[in-house]
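>>> With the input below, show me the fold.
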Amino acid sequence: MKPDSRRRTAIPKIGIVSLGCAKALVDSERILTRLRAEGYDISGTYDGADAVIVNTCGFLDSARAESLEAIGEALAENGKVIVTGCMGVDEATIRATHPSVLAVTGPHQYQQVVNAVHAVAPPVADPLMSLVPPEGLHLTPHHYAYLKISEGCNHRCSFCIIPGIRGDLVSRPIDDVLQEAERLALAGVRELLVISQDTGAYGQDIRHAEALWRGRPVKARMTELAGALGELGMWVRLHYVYPYPHVDEVIPLMAEGKILPYLDIPFQHASPKVLRAMRRPADHEKLLERIRGWRQTCPDLAIRSTFIVGFPGETDEDFEQLLAWLEEARIDRVGCFKYENVNGAPSNALADHVEEEVKEERYNRLMEVARQVSDEMSQAKIGKVIEVIIDEVDDEGAFARSKADSPEVDGNVFLNGETDLEPGDIVRVEIDHAEDFDLWGHVVE
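Purely as a prediction, here's the structure:
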């Protein structure tokens, strides 16, 4: 009997470096899923890969520098590099710095990336292999996954070039979204993180679309989608939600326990003058009223937001107004960025750019206010029993997150001595100690 030539043929392996936000991570997962479906293996090392894909970030200059550095490292360690992602729209800069890259594509150009892989490492098909699980391949732990519901954005914020990179809003068909979510639930995913560039705008471009879901029609709107996802038995967490009026409709779903009481809203600032310069909604006094109303409906609501300090023209008065608003709004989880020019952004041309040392001082002051607010809210949880999801377990205990904590960006709940748990377990915990953004506790029955 002759040897089976298919089994003697080496299966090509592809490595990937994924930079930037969770939306880029989903792009990486989709690329890997397509490659795995064609028989490729995924390599976790440079030297074990036949080629390396670098999925870049191109929003801030610091992110572009990190992307160029990652490309250079991949070239030095492997030599065969395919570049994709947001910085891929600036192919000239990439090739000027790294002329030996094999191919450059922009964001969510999955087939072009796969074609580039074919050129350097042709696939070896084997129909006997079970190539791809129904839920696809993921770069996250098995118990949580990102669900991207749309691409692009219709906003034109003066500091942002995302619409120029990823285009205007394009919502995924609602039946595709629901089917993917159901596959993830069947695969054992316990937490679903809903993401897009503008989650609240989902369906605005496909207003009359709907899907038949569990015997009833579900319209392509964020609120109806959230309600349908809440029927799958997973934690459902909403990210990147602009404060549209219809966001009020999702708060009762949180109060009823259908989705997590968590809203990630990029407020960016509180000074009307700065917000107008940013081309953002400028009525933050009205937002305070809405936040109070949300918390009356859903007392457990946790709000996460990001802010920019040092925006061109931001005065001491503007910054003090931001601090006062932050203290009054009682934002649970805060991220902050020091403004920097982005190539092609209209804000570059604004007058009165803020000195770097002033940006640094304002950043530190804002984060200290955020820490104090979060610490006060954390202290109030001592003695309470809450549900947490387990992320990691070692010989000293477990690392978990509460419903108020998204992975990577928020706090943790530490369970010292709890070694009999598994990642993905959802357990009830009594809080014993709190500090800043983190909690400590023990499992209760």
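
>>> Spit out the contact partners of residue 173.
206, 209, 211, 220 (C-beta atoms under 8 Å, 6 or more residues apart in numbering). Where you see a C-beta, it was placed from the backbone N, CA and C, and this is true even at glycine.

>>> show me what contacts the first one?
Contact analysis of residue 206 by C-beta under 8 Å, 6+ apart lists 171, 173, 174, 220.

>>> one more time with 10 Å
150, 169, 170, 171, 172, 173, 174, 219, 220, 221 (C-beta atoms under 10 Å, 6 or more residues apart in numbering).

>>> Quick check: which helices or strands does the lengthiest helix in the chain pack against?
Looking across the chain with DSSP state H, the single longest helix is helix 356-379. The contact analysis (3 or more C-beta pairs under 10 Å, 6 or more residues apart in numbering; DSSP states H and E) places helix 356-379 against strand 302-309, helix 316-329, strand 333-338, strand 426-435, strand 438-443.

>>> Kindly give a single ChimeraX line that selects the buried subset of the contacts of residue 173.
In ChimeraX syntax, the buried subset of the contacts of residue 173 is picked out as below (16 or more other C-beta atoms under 10 Å):
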select :206,211,220
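
>>> among the contacts of residue 173, which are in strands?
Counting by DSSP state E, the contacts of residue 173 place residue 211 in strands.

>>> least trustworthy position among the contacts of residue 173, going by pLDDT?
Least confident of those in the model: residue 211, at 85.

>>> List phi and psi for the nearest residue to it once chain neighbours are set aside.
Leaving aside its sequence neighbours, residue 211 sits nearest to residue 175 (C-beta to C-beta, 6 or more residues apart in numbering; 3.8 Å). In terms of degrees, to the nearest 10, the main-chain angles of residue 175 are phi -70, psi -30.

>>> Would you verify that residue 54 is located in a helix?
No - counting by DSSP: H, G, I helix; E, B strand; the rest coil, residue 54 is not part of a helix but strand.

>>> Now do the contacts for it.
Contacts for residue 54 (C-beta under 10 Å, 6+ apart) come out as 15-19, 28, 67-68, 70-75, 81-85, 87-88, 94, 98, 101, 104.

>>> Now that we have those residues, which of them are buried?
Looks like those have 15-19, 28, 67-68, 70-71, 74-75, 81-85, 87-88, 94, 98, 101, 104 buried, using 16+ other C-beta under 10 Å.

>>> Sort out for me which of the residues you listed are in strands.
Judged by DSSP E, strands contain the following of the buried ones among the contacts of residue 54: 15, 16, 17, 18, 81, 82, 83, 84, 85, 104.

>>> wait, isn't the second one in contact with residue 83?
No - using C-beta atoms under 10 Å as the test, residue 16 is too far from residue 83 to be in contact (11.5 Å).

>>> returning to what we had before: may I see the buried residues of the longest helix of the chain?
Using 16+ other C-beta under 10 Å as the test for burial, helix 356-379 gives 359, 362, 363, 365, 366, 369, 370, 373, 374, 377, 378.

>>> Which of these sits closest to residue 190?
residue 378 (23.6 Å; C-beta to C-beta).

>>> Wait, residue 28 touches residue 19, no?
Yes - using C-beta under 10 Å, residue 28 is in contact with residue 19, at 9.2 Å.

>>> what residues are shared contacts of these two?
Contact criterion C-beta under 10 Å, 6+ apart; residues shared by residue 28 and residue 19: 54, 55, 85.

>>> ok, back up a step: residues in contact with the residue nearest to residue 211?
Shown in contact with residue 175 (C-beta under 10 Å, 6+ apart): 209, 210, 211, 212, 213, 218, 220.

>>> Kindly present the shared contacts of residue 28 and residue 19 as JSON lines, with separate columns for distance to residue 337.
As requested, the shared contacts of residue 28 and residue 19 are exported to JSON lines (distance: C-beta to C-beta, whole Å):
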{"residue": "54", "distance to residue 337": "23"}
{"residue": "55", "distance to residue 337": "21"}
{"residue": "85", "distance to residue 337": "20"}
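
>>> and which of those residues is nearest residue 407?
Each of these was checked against residue 407 using C-beta to C-beta; the closest is residue 55, at 18.8 Å.

>>> Please tell me I have it right and that closest one contacts residue 18.
Yes - between residue 55 and residue 18 there is a contact under C-beta under 10 Å: 4.7 Å.

>>> where do the contact lists of the two overlap?
24, 25, 27, 28, 31, 70, 84, 85.

>>> thinking again about what came up before, nearest to residue 42, of the shared contacts of residue 28 and residue 19?
residue 55 (13.6 Å).

>>> For the closest residue to that closest one other than its chain neighbours, list each beta-bridge partner.
Excluding the flanking residues, the one nearest residue 55 by C-beta to C-beta, 6+ apart is residue 85, at 4.3 Å. Partner residues in beta bridges with residue 85, using DSSP bridges, are residue 56.

>>> my read: residue 85 touches residue 26, true?
No - applying C-beta under 10 Å, one finds residue 85 not in contact with residue 26, separated by 11.7 Å.

>>> Now for the two: what residues contact both?
With contacts taken as C-beta under 10 Å, 6+ apart, residue 85 and residue 26 have 18, 108 as neighbours in common.

>>> Counting only helices, which of the contacts of residue 206 make the cut?
residue 174.

>>> And the contacts of residue 206, which of them are buried?
Buried among the contacts of residue 206 (16+ other C-beta under 10 Å): 150, 169, 171, 172, 174, 219, 220, 221.

>>> Quick check: buried residues in stretch 277-286?
Neighbour counts over stretch 277-286 (16+ other C-beta under 10 Å) mark 277, 278, 280, 281, 282, 284 as buried.

>>> before we move on, which element is the first one in?
What that stands for is residue 277. For residue 277, the element it lies in under DSSP states H and E is helix 272-278.

>>> what's the span of stretch 413-430 from first residue to last?
The first residue of stretch 413-430 is 10 Å away from its last residue (C-alpha to C-alpha, to the nearest Å).
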